[in-house]
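Student: model this:
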Amino acid sequence: MPELRRGVRRGRAGLTPQNRQLDPPRLQNYVKTRATAAREGKRPRTRLETKRLKEKQEDNKVIVISEREDSDFLILERKKKGKKNLAVVAVEEKEEEEAKELGIMGDDSGGLSANKAVGQEEEGNTAPFPEKVQVGGSPVYKIERKLGKGGFGQVFVGRRVNGGTERAMGPGAMEVALKFEHRNSKGCNYGPPYEWQVYNTLGGSHGVPRVHYKGRQGDYYVMVMDMLGPSLWDVWNSSGQAMSSEMVACIAVESLSILEKMHSRGYVHGDVKPENFLLGQPGTAQEKKLFLVDLGLATKWRDSGSGQHVEYDQRPDMFRGTVRYASVHAHLGRTASRER
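Tutor: This next block holds a predicted model:
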């Protein structure tokens, strides 16, 4: 019978003092001090407590230190390792209020419809609104009431002083919508608002209202547009937040058709939400037609000359749109496109 090998096998080094396993330390009795007991008493005992403790101990903390109503920007203070860095995040989200009047043109930024006296100074702007407006060869309009406030301007009702027709829409209408944007606002750094360029391309196409006149008067850039009716947000709230399945289907088909047409012209809206979909003026042939407004955040998804898709880019420190409705890609700061 083969003999069992004993001892250390050849070719293998014996256990050195470093390789030998040390005997476990003998258990001894220790006495906890009051300080140790107090520290252990503060330790989290549940997962929820552990999670809360980690959130408090995070190095990166973002705190909103400025959220003025008249600003399109939230200034965030970022704290990291004792240093403070300021990051400006462009957002259009503002506090929304229910419409005080039905059948008015929904504003282009969240359903605000509180009327204010003409000429009242807005926060951050020292120039009052004029009582009368005439721009770009337009008739003289008298400002009557405020329709709403958007991220890129404010909208008022303008009534024609002389002449005019009984038509509810068109350049000869008695009542029009006047959109004001201050020359020092974020969208007017290099002259007229960027939104003007978009309306020059898309104005009058399927589902986009037409701009009849535009120009500058005093400290404000002014657009003269057709009066429209309530927004889908207003309709939703006025109907007890309930809609028939037929109405929802019609809205879905029409809104997708408008977006498809806009995409075919090379633009993405960038701020699709119920507040920016408006019905036509009540009592007219357009009252059941849907319109998409507020083109201040619209961007090109393809180059006009080459037809190629714009280059992909991602800037996590910049956000464009409305926080509540924006896509995940928009929250990540990615370039807008039809899929994002």
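Student: just give me the longest helix of the protein.
Tutor: Identified as the longest helix of the chain according to DSSP state H is helix 245-264.
Student: whichever helix or strand comes after it pairs with which strands?
Tutor: Using DSSP states H and E, the next helix or strand after helix 245-264 towards the C-terminus is strand 267-268. Looking at strand 267-268 with DSSP bridges, its partner strands are strand 299-300 (antiparallel).
Student: please enumerate residues in contact with the strand it pairs with?
Tutor: Outside strand 299-300, the residues that touch it by C-beta atoms under 8 Å, 6 or more residues apart in numbering are 266-268, 270, 310, 336. All C-beta spots, glycine's among them, are computed from the backbone N, C-alpha and C.
Student: could I get the buried residue list for the longest helix of the chain?
Tutor: 251, 254-255, 258-259, 261-262 (16 or more other C-beta atoms under 10 Å).
Student: my read is residue 317 is in a strand, agree?
Tutor: No: Residue 317: not assigned to a strand; according to DSSP: H, G, I helix; E, B strand; the rest coil it is coil.
Student: what about it, distance to residue 127?
Tutor: Note on residue 317: its distance to residue 127, by C-beta to C-beta, to the nearest Å, is 31 Å.
Student: how about residue 141?
Tutor: According to C-beta to C-beta, residue 141 stands 18 Å off from residue 127.
Student: between the two, point out the one with more neighbours.
Tutor: Per other C-beta atoms under 10 Å, whichever of residue 141 and residue 127 has more neighbours is residue 141, with 25 against 13.
Student: for the closest residue to the more buried one other than its chain neighbours, helix, strand, or coil?
Tutor: Counting by C-beta to C-beta, 6 or more residues apart in numbering, residue 141 lies nearest to residue 158, which is 3.4 Å off, once chain neighbours are set aside. Following three-state DSSP, residue 158 is assigned to strand.
Student: residues in contact with residue 158?
Tutor: So residue 158 contacts 133, 141-144, 175-178, 224 (C-beta under 8 Å, 6+ apart).
Student: which of the residues you listed lies closest to residue 239?
Tutor: Closest approach to residue 239 among the contacts of residue 158 (C-beta to C-beta): residue 177, at 23.8 Å.
Student: surely that closest one touches residue 213?
Tutor: No: judged on C-beta atoms under 8 Å, residue 177 makes no contact with residue 213 at a distance of 11.6 Å.
Student: list the residues that contact both of those two?
Tutor: By C-beta under 8 Å, 6+ apart, the residues touching both residue 177 and residue 213 are residue 224.
Student: looking at the two, which has the bigger crowd around it?
Tutor: Neighbour totals were compared for residue 177 and residue 213, and residue 177 leads with 24 against 19 (other C-beta under 10 Å).
Student: what residues does the helix or strand that contains the more buried one touch?
Tutor: Assigned by DSSP H and E, residue 177 belongs to strand 175-182. With contacts defined as C-beta under 8 Å, 6+ apart, strand 175-182 is touched by 105, 108, 125, 127, 129, 133, 141, 143, 147, 152-160, 168, 187-188, 193, 195, 212, 219-228.
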